[in-house]
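K.L.:
What follows is a predicted structure for the sequence shown.
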Amino acid sequence: MSMTTLMAKSPKTVTLRIVETSDVHGAFFPYNFTERRSMNGTMARVSSYVKRQRKEMGNRLILLENGDILQGQPTCYYTNFVATDKPNIAAEVVNYLKYDAQTFGNHDVETGHKVYDKWIKDLDCPVVGANIIDMKSGKPYVEPYIIIEREGVRVAVLGMLTPAIPNWLHQNLWSGMRFEEMVSSTKHWVKILREQEKADVVIGLFHSGWEGGIVTDEYDEDATKKIAEQVEGLDIIFFGHDHQERNVTVNGVLCMDPGPNAVRVASATIQVRNGKVVSKKGELIDVTKEPLDEDFMQHFQPRYDEVKAFVERKIGMFNDNMLSRDAFFGSAAFVDLIHQLQLEHTGADVSFTAPLTFNSEIKAGPVYQSDMFKLYRFENGIYVVRMTGKEIRNYLEMSYDQWVNTMTSPDDHIMLLAPKTPGDNQREGFKNFTFNFDSAAGIDYVVDVTKPNGEKVRILQMSNGQPFNEDAWYRVAMNSYRGNGGGELLVRGAGIPVDSIPQRIEYQSERDQRHYLTQKIEREGSITPKPLNNWRFVPEAWAQPAIERDRKLIFGE
């Protein structure tokens with residue numbers, strides 16, 4: 001037998017490396033425009049890491065981006081809504097790094113058709129999302145998957161987006177689209193990838209968390225674990241959305257989530273022999289130790305300068321400091337300024353809002369455009385929803401049940417806490433998401449932390465001195481995320497069926513909340529932020545010492 005024949009029959013082993021970013025949220029440059037400080041999580045460092053990997057692996061490197069890239073920093077707002085005549089910076093970054101595929105995140109959908117349809121066109125790589133269905137054609141709105149060939153190995157990348165979009169976003173943001181349940185959709189497409197496309201490797205690129213979130217009879221918000229357990233034929237699932245780092249193997253499927261803000265990437269090294277994956281190893285790589293890519297920095301310097309000029313525009317003066325952390329412990333100037341804006345703008349009876357940043361400070365002195373992104377992080381609109389007094393109280397009961405503990409002794413925690421999870425910047429030691437901790441304005445009330453869940457909130461009166469009636473109807477201002485059912489406070493809290501919420505909406509703003517806050521500050525010029533002091537925790541003999549203890553525990557002060 002000849003040597004040529006022996007070599008032809010020898011199995012060929014191909015080593016591939018697949019790298020994923022997820023939930024970047026605008027962390028493109030090594031500077032946080034909102035906090036006006038340097039930051040380690042940045043695509044400028046990811047770029048250095050990727051270049052090293054390409055030097056080692058050549059075309060055997062596959063680079064994947066998993067969505068929620070269009071919101072989170074002033075850079076995003078600027079490129080989405082201000083400099084709309086230029087390519088989207090998010091697309092430019094992805095193109096610079098030469099990604100092979102991109103998925104949608106829920107915050108990408110939140111920018112609206114005009115923004116994300118342009119973003120798709122600006123990208124050099126395909127956007128994949130098999131369960132995002134164009135209602136006219138009945139086919140996926142973007143490519144369902146992509147086939148990537150590397151040294152004879154056919155790699156399929158299947159995109160999926162959490163189907164909970166209608167629970168958060170008004171239909172005008174995703175008009176003409178629907179979102180299929182992920183488990184059944186994945187089964188359908190994996191069969192096609194294995195049987196028709198003859199893929200040697202099947203990778204899921206899912207913007208959906210591990211498990212839980214919103215769970216309905218139709219779908220799970222976070223379905224990755226369930227898919228790994230129930231769907232045959234997947235080799236790797238790269239995922240995100242829940243901002244919790246994870247590197248586990250379930251049912252033989254390697255599942256990886258790098259967490260948010262370009263701090264880490266997920267990297268999987270696999271070996272394929274004769275069309276079969278024979279080994280795979282996953283790592284979460286901390287890229288904050290990487291040097292800044294100087295070529296990246298030079299390339300994007302003009303865009304950086306544009307954003308910097310935008311955020312450094314002075315819009316007014318604050319005569320006192322405002323701290324977002326104050327809002328966890330009682331009535332606070334930080335969220336009460338938003339309450340006041342919502343009530344003034346809409347003429348509503350009651351306002352709901354939560355602190356959307358965990359630990360931000362806006363200092364006394366000049367207020368700049370960048371401060372507006374501390375005060376209001378997302379591009380939510382303002383809604384007015386009709387609610388009964390009983391629904392208002394039940395809404396608040398759910399909010400505070402997620403927020404505060406039921407104290408049985410003076411030594412208990414007043415906050416509902418849990419161990420911190422690495423990479424989870426949405427809880428920071430709280431048990432539940434802090435962006436769902438809604439307080440109210442327009443009513444005076446107390447929160448009795450000794451009472452059981454569902455019985456903590458006692459509404460005393462309207463803040464104008466009029467009686468509060470649980471049987472009466474009120475106009476309630478809130479952000480569009482909440483007004484569409486986000487956080488389920490309207491649904492599970494107030495008890496309003498999700499399909500009847502649209503009939504309750506009386507008003508929707510044309511622009512985002514931050515726009516109106518900016519206008520208010522520009523109009524008034526100089527503002528002295530003060531808490532409304534319309535609610536407090538009781539009994540104060542227990543609550544105040546507990547607040548001091550937990551504040552020191554959580555924030556070190």
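P.N.:
Arrived safely, thanks for sending. Predicted model, so just to flag it, every value in this text is computed and none were measured.
K.L.:
C-alpha only now, for contacts and for neighbours.
P.N.:
OK.
K.L.:
so which strand or helix has Tyr383?
P.N.:
strand 382-388 (DSSP states H and E).
K.L.:
burial count for the nearest residue to Asp326 once chain neighbours are set aside?
P.N.:
The shortest distance from Asp326 to any non-neighbouring residue, by C-alpha to C-alpha, 6 or more residues apart in numbering, is to Ala332 (5.6 Å). Residues near Ala332, counting by other C-alpha atoms under 10 Å, number 24.
K.L.:
Wait, Ala332 touches Pro531, no?
P.N.:
Yes. Counting by C-alpha atoms under 8 Å, Ala332 sits close enough to Pro531 to count as a contact (4.6 Å).
K.L.:
Span of stretch 462-472 from start to end?
P.N.:
Using C-alpha to C-alpha, to the nearest Å, one end of stretch 462-472 lies 12 Å from the other.
K.L.:
list the buried ones in it?
P.N.:
The neighbour-count check on stretch 462-472 (16 or more other C-alpha atoms under 10 Å) flags Met462, Ser463, Phe468 as buried.
K.L.:
is it true that Leu532 touches Val335?
P.N.:
No. Counting by C-alpha under 8 Å, Leu532 does not reach Val335; the two are 9.7 Å apart.
K.L.:
which residues in the stretch 351-500 of the chain form helices?
P.N.:
Assigned helices in the stretch 351-500 of the chain, in chain order: 369-375, 389-403, 480-483 (criterion: DSSP state H, counting those that start in this stretch).
K.L.:
which parts of the helix or strand following the shortest one are buried?
P.N.:
Beyond helix 480-483 in the direction of the C-terminus, DSSP H and E gives the next helix or strand as helix 501-504. Using 16+ other C-alpha under 10 Å as the test for burial, helix 501-504 gives Ile501.
K.L.:
Any idea how far helix 501-504 is from the middle of the chain?
P.N.:
On the basis of C-alpha atoms, centre = their mean, to the nearest Å, helix 501-504 sits 25 Å off its chain's mean C-alpha point.
K.L.:
who does the strand holding Tyr383 touch, helix- and strand-wise?
P.N.:
Counting contacts by 3 or more C-alpha pairs under 8 Å, 6 or more residues apart in numbering; DSSP states H and E, strand 382-388 packs against strand 473-479, helix 480-483, helix 501-504, strand 505-508.
K.L.:
Dump the ones you listed into a markdown table; add mean pLDDT and distance to Leu205 as well.
P.N.:
A markdown table is the format used below for the helices and strands packed on strand 382-388 (pLDDT from 0 to 100; distance: least, C-alpha to C-alpha, whole Å):
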| stretch | mean pLDDT | distance to Leu205 |
| --- | --- | --- |
| strand 473-479 | 98 | 30 |
| helix 480-483 | 94 | 25 |
| helix 501-504 | 95 | 32 |
| strand 505-508 | 97 | 34 |
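K.L.:
The strand holding Tyr383: partners in the sheet, and parallel or antiparallel?
P.N.:
Its sheet considered, strand 382-388 pairs with strand 473-479 (antiparallel), strand 505-508 (antiparallel) by DSSP bridges.
K.L.:
wait, doesn't Gly212 sit right on Ala223?
P.N.:
Yes. Gly212 lies in contact with Ala223 (C-alpha under 8 Å); the separation is 7.5 Å.
K.L.:
Which residue of the two possesses the greater neighbour count?
P.N.:
Neighbours were counted for Gly212 and for Ala223 using other C-alpha under 10 Å; Ala223 has more, 25 against 14.
K.L.:
Check the gap between the more buried one and Pro163 for me.
P.N.:
Counting by C-alpha to C-alpha, the gap from Ala223 to Pro163 is 10 Å.
K.L.:
Report the set of residues contacting both of these two.
P.N.:
By C-alpha atoms under 8 Å, 6 or more residues apart in numbering, Ala223 and Pro163 have these common neighbours: Met182.
K.L.:
Most tightly packed of the strands paired with strand 382-388?
P.N.:
strand 473-479 (a mean of 24; mean count of other C-alpha atoms under 10 Å).
K.L.:
and the angle from that one to helix 389-403?
P.N.:
40 degrees (axes from the mean of the first three to the mean of the last three C-alpha atoms, to 10 degrees).
K.L.:
one step back: distance-wise, check the residue nearest to Asp326 relative to Gln196.
P.N.:
Applying C-alpha to C-alpha to Ala332 and Gln196 gives a distance of 59 Å.
K.L.:
for Leu292, same thing?
P.N.:
Relative to Gln196, and taking C-alpha to C-alpha, Leu292 is found at 43 Å.
K.L.:
Have a look at those two and say which one is more surrounded.
P.N.:
A count of neighbours by other C-alpha under 10 Å puts Leu292 above the other of Leu292 and Gln196, at 21 against 9.
K.L.:
which SS class is that one?
P.N.:
Look at Leu292: counting by DSSP: H, G, I helix; E, B strand; the rest coil, its state is coil.
K.L.:
My read is that it contacts Arg45, right?
P.N.:
Yes. In terms of C-alpha under 8 Å, Leu292 counts as a neighbour of Arg45; the distance is 4.8 Å.
K.L.:
Dig out what the nearest residue to Ser526 once chain neighbours are set aside forms beta bridges with.
P.N.:
Once flanking residues are discounted, Ser526 sits nearest to Met317: 4.6 Å by C-alpha to C-alpha, 6+ apart. Beta-bridge pairing of Met317 under DSSP bridges involves Pro366, Ser526.
K.L.:
Met317: neighbouring residues, count only.
P.N.:
Per other C-alpha under 10 Å, the neighbour tally for Met317 reads 19.
K.L.:
try Ser279
P.N.:
Residues near Ser279, counting by other C-alpha under 10 Å, number 11.
K.L.:
Sheet partners, orientation included, of the strand or helix carrying it?
P.N.:
Per DSSP H and E: Ser279 is located in strand 276-286. With DSSP bridges as the test, strand 276-286 is paired with strand 264-273 (antiparallel).
K.L.:
Not counting its own residues, what contacts the partner strand?
P.N.:
Applying C-alpha under 8 Å, 6+ apart, the contact partners of strand 264-273 are 11-22, 41, 46, 153, 200, 238, 256-259, 277-288.
K.L.:
leaving aside the residues next to it on the chain, what's closest to Ala91?
P.N.:
Leu123 (5.1 Å).
K.L.:
So that neighbour sits against Asn95, correct?
P.N.:
Yes. The pair Leu123 and Asn95 passes the contact test of C-alpha under 8 Å, sitting 6.4 Å apart.
K.L.:
Neighbour count: those two, which is higher?
P.N.:
Leu123 (21 against 15).
K.L.:
List the residues that contact the more buried one.
P.N.:
Residues near Leu123 by C-alpha under 8 Å, 6+ apart: Ala91, Glu92, Val94, Asn95.
K.L.:
Columns pLDDT and secondary structure on top of those, output as a markdown table?
P.N.:
Shown next, in a markdown table, are the contacts of Leu123 (pLDDT from 0 to 100; DSSP: H, G, I helix; E, B strand; the rest coil):
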| residue | pLDDT | secondary structure |
| --- | --- | --- |
| Ala91 | 98 | helix |
| Glu92 | 98 | helix |
| Val94 | 98 | helix |
| Asn95 | 98 | helix |
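K.L.:
Tell me the one of these nearest Met387?
P.N.:
Nearest to Met387 out of the contacts of Leu123 is Ala91 (C-alpha to C-alpha; 41.4 Å).
K.L.:
and the closest one, what does it touch?
P.N.:
Trp119, Ile120, Asp122, Leu123, Asp124.
K.L.:
One more: Tyr31?
P.N.:
Here Tyr31 is in contact with Arg37, Ser38, Met39 (C-alpha under 8 Å, 6+ apart).
K.L.:
burial count for the last one?
P.N.:
Other residues lying near Met39 total 16 when counted by other C-alpha under 10 Å.
K.L.:
the strands in the stretch 201-350 of the chain, which residues?
P.N.:
201-207, 212-215, 220-222, 236-239, 246-250, 253-257, 264-273, 276-286, 314-318, 322-323, 350-353 (DSSP state E, counting those that start in this stretch).
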